[in-house]
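1. Fold the following for me, if possible:
(chains A and B)
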Amino acid sequence: MPVNYYIFLAIALFSIGIVGVLTRRNAIIIFMCIELMLNAVNLMLVAFSKMHHAKALAADAATTVGTDGQLFVFFIMVVAAAEVSVGLAIIVMMYRNIHSVDVNFLNRLKH
Amino acid sequence: MNTLLISAVLGVLMMFSGVLLKSRQVIRNLAIAGMAGLLLVNILELGGTTFFQINTRDMMAFDRFSLLFITVAIFSTLLYLVLSAKDMEKVGINYAEYFALLFFIVCGIVLVSSFKSLLILFLGVEIISIPLYILTGSDKRNLKSNEASLKYFLLGAFSTGLMLMGIALLYGSTGTFSTSFRLGPDVKPSALMIAGMLLLFFSMSFKVSLAPFHFWTPDVYDGAPTVFTSFMATIVKAAVFIGFIRLFNNAFGLMHGQWQLIAAIITAATLFIGNITAVFQQSVKRMLAYSSIAQAGFMMLSLYALSAEAYEGLLLYTVAYSLATIGIFAVLIKMNDYTFSGFNGFARYHPLLAATTTVFLLSLAGIPLTSGFLSKFYMLKITLASGKGMWLAVFAVFMAAVSVYYYFRVIQAMYFKEGDDPKIQVTTTFKWTLVVLAALVILLGVFPNLLLYWVYF
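-> Below is the predicted model:
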């Protein structure tokens, strides 16, 4: 399959994520949309990685060019996991205090 | 490299110290000693002694500038700990963990100021941000702190998503994560690359709170416990700025013409919004949040000009801004009332604190003989030297004049108004550290070469 299909899919997922972050009001759903954005990036990195690798393979059969994109994906996964643990903890802390996860309640600081 | 590894180890050590040690005094002293040790090993590395020989595969480069900035950042953190570590007790019960998180942030600062690969930049920014989300929300029962941390977290994660997309697009067009890719002399950058660069630009602007992306800053800085606001408004912001200029000089320096206009517009907008909104604030803490946006606008001039002197100027600016703001926050933390009227008659009861605070405020406003003046002068000089920044320099001077108003409001309240005794307790160490801080602010304003000399030799 040509690489552009993957890239279009990744951009579509990323856009859905952005629209979700900007329109939804529930903190957990916003958070899911952010995860969607990160995973769209993962998909894109893997697609680009394959693309660069295939191009380099034509010249040299034993090349490792282009594999670093896939390594990056692992780092994104690790960081996303760390972010989930901190983020859910913050949302739970919020829920304990106001019994809601609606971001419309986040206006106490705007005097 | 010394600092990176040792600060990570010290962070873990501080985590265990919370379990093993009962006395908060001992934990605090351990953290201060650790930070002093970190400063020492970093100065050793600046002198050429590295304890660890690690092949970073060209992903990081500890050049003189980055090492010097790390030294400055750790030195400021050390002063910050000496001044304010005791006040962290008021925030919550997880005293040792706060220090552990601070050490992890230092680790991220080292990464951000010495990266040569986008991977390291991403990891550095995240290692800085994630502990900050926790520190912002560390006052668990306080609704304002909760709200600030949730807001910071959601927007920070969103901007991380944008940054990653930028990195992915850039990778698609260049095939490498290294920031030292070079386009051929006549090759026009592809649309993919421009899109990636813009996404990186916007996400980095978000992290350093430049104008259209600044809306989270006042809320987060206001809601976070004041001790941690002090840290994230100064040292963290300076470090991310260093990462910003490193990225755009190394990777996109040759495409400077493509983004210089955007940088100019963002600078002007930041200066305008930061300064004008700060005028209308009633709380000193919130005023300082807007003032940090305004100062970020001034620092942004170095990206606009992007010359060799821009690095020097930015370094001097970050030092001047960090030292002065840490000093003001250290006094502010002690106050019970954060409004301007809370400072009424402060000079009568605490003449020394009032005098040092005045020095810091004068430095932020850019009055001559302080380092704030000289760093602002540097920024204007490089802007004019770049040839076409005349309107921007004039606008910046005008905005600096506006900033004098809100800084002097505090001085006026302290010296020329009558008020009650704020009843605050300060130790002798605190007083002396403030005096040292004020002396440094003035010293760097008179002899900036004490610092800048080390960039080259």
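2. what's the longest helix seen in chain B packed up against?
-> If you go by DSSP state H, chain B has its longest helix at helix B:143-174. For helix B:143-174, the elements it packs on are helix A:3-23, helix A:27-59, helix A:68-98, helix B:118-136, helix B:191-207, helix B:216-223, judged by 3 or more C-beta pairs under 8 Å, 6 or more residues apart in numbering or on different chains; DSSP states H and E. Every residue, glycine included, has its C-beta placed from N, CA and C.
3. okay, the angle between the first one and helix A:27-59?
-> In terms of direction (axes from the mean of the first three to the mean of the last three C-alpha atoms, to 10 degrees), helix A:3-23 departs from helix A:27-59 by 160 degrees.
4. Now find how far off-centre helix A:3-23 is within its chain.
-> On the basis of C-alpha atoms, centre = their mean, to the nearest Å, helix A:3-23 sits 10 Å off its chain's mean C-alpha point.
5. If we look just around chain A, which residues of chain B are in range?
-> Chain B has residues B:119, B:122-123, B:126, B:130, B:133-134, B:137, B:140-141, B:143-144, B:146-151, B:153-154, B:157-158, B:160-161, B:164-165, B:167-169, B:171-172, B:175-177, B:218-219, B:222-223 near chain A, with proximity defined as C-beta under 8 Å from any C-beta of the partner chain.
6. Show me just the buried residues among the residues you listed.
-> Neighbour counting with 16 or more other C-beta atoms under 10 Å in any protein chain shown marks B:119, B:122-123, B:126, B:130, B:133-134, B:137, B:143, B:146-151, B:153-154, B:157-158, B:160-161, B:164-165, B:167-169, B:171-172, B:175-177, B:218-219, B:222-223 as buried within the residues of chain B next to chain A.
7. In this structure residue B:132 contacts residue B:153, no?
-> No - the criterion here is C-beta atoms under 8 Å, and residue B:132 misses it with residue B:153 at 9.3 Å.
8. how deep is the closest residue to residue B:58 other than its chain neighbours tucked in, by neighbour count?
-> Nearest residue to residue B:58, sequence neighbours excluded (C-beta to C-beta, 6 or more residues apart in numbering or on different chains): residue B:116, at 6.0 Å. Neighbour count of residue B:116, defined by other C-beta atoms under 10 Å in any protein chain shown: 22.
9. Quick one: residues contacting residue B:116.
-> Residues in contact with residue B:116 (C-beta atoms under 8 Å, 6 or more residues apart in numbering or on different chains) are B:58, B:59, B:60, B:61, B:178, B:179, B:180, B:250.
10. thought residue A:26 was touching residue A:103?
-> Yes - counting by C-beta under 8 Å, residue A:26 does reach residue A:103; the two are 7.4 Å apart.
11. and residue B:50, that's in a strand?
-> No - read with DSSP: H, G, I helix; E, B strand; the rest coil, residue B:50 is coil and lies in no strand.
12. What pLDDT does the model give it?
-> pLDDT, residue B:50: 86.
13. what do you get for residue B:198?
-> Looking at residue B:198, its pLDDT is 94.
14. check contacts around it.
-> Contacts for residue B:198 (C-beta under 8 Å, 6+ apart) come out as B:166, B:259, B:262.
15. So which of these wins on neighbours?
-> residue B:166 (22 neighbours).
16. Mind pulling the model confidence for that residue?
-> Residue B:166 carries a pLDDT value of 96.
17. Not including adjacent chain positions, what is the nearest residue to residue B:63?
-> residue B:114 (7.6 Å).
18. So that neighbour is in contact with residue B:64, correct?
-> No - shown here, residue B:114 and residue B:64 do not form a contact pair, counting by C-beta under 8 Å, at 11.0 Å.
19. following the helix or strand containing residue B:240, which helix or strand comes up?
-> In this assignment (DSSP states H and E), residue B:240 forms part of helix B:237-250. Next along the chain after helix B:237-250, taking DSSP H and E as the criterion, comes helix B:256-279.
20. and the closest residue to residue B:167 other than its chain neighbours, what is it in contact with?
-> Leaving aside its chain neighbours, residue B:167 sits nearest to residue B:118 (4.8 Å; criterion: C-beta to C-beta, 6+ apart). Counting by C-beta under 8 Å, 6+ apart, residue B:118 makes contact with B:167, B:170, B:171, B:177, B:178, B:179.
21. Pick the one among those residues closest to residue B:339.
-> Of all those, residue B:339 sits closest to residue B:167, with 43.2 Å by C-beta to C-beta.
22. which residues sit in contact with that closest one?
-> So residue B:167 contacts A:41, A:72, B:118, B:122, B:177, B:196, B:200 (C-beta under 8 Å, 6+ apart).
23. and the nearest residue to residue B:319 once chain neighbours are set aside, which of the three is it?
-> Using C-beta to C-beta, 6+ apart and skipping the chain neighbours, the partner closest in space to residue B:319 is residue B:72 (5.4 Å). Put simply, residue B:72 is helix when judged by three-state DSSP.
24. what about stretch B:59-78, distance to the chain center?
-> Offset of stretch B:59-78 from its chain centre (C-alpha atoms, centre = their mean): 13 Å.
25. So which bits of it are buried?
-> Neighbour-count burial for stretch B:59-78 [16+ other C-beta under 10 Å]: B:59-62, B:65-78.
26. Also stretch B:429-442?
-> So, applying 16+ other C-beta under 10 Å, buried residues of stretch B:429-442: B:430, B:433, B:434, B:436, B:437, B:438, B:440, B:441.
27. Test my guess that the third one contacts residue B:331.
-> Yes - under the contact definition of C-beta under 8 Å, residue B:434 touches residue B:331, with a separation of 7.5 Å.
28. Thank you kindly, that will do.
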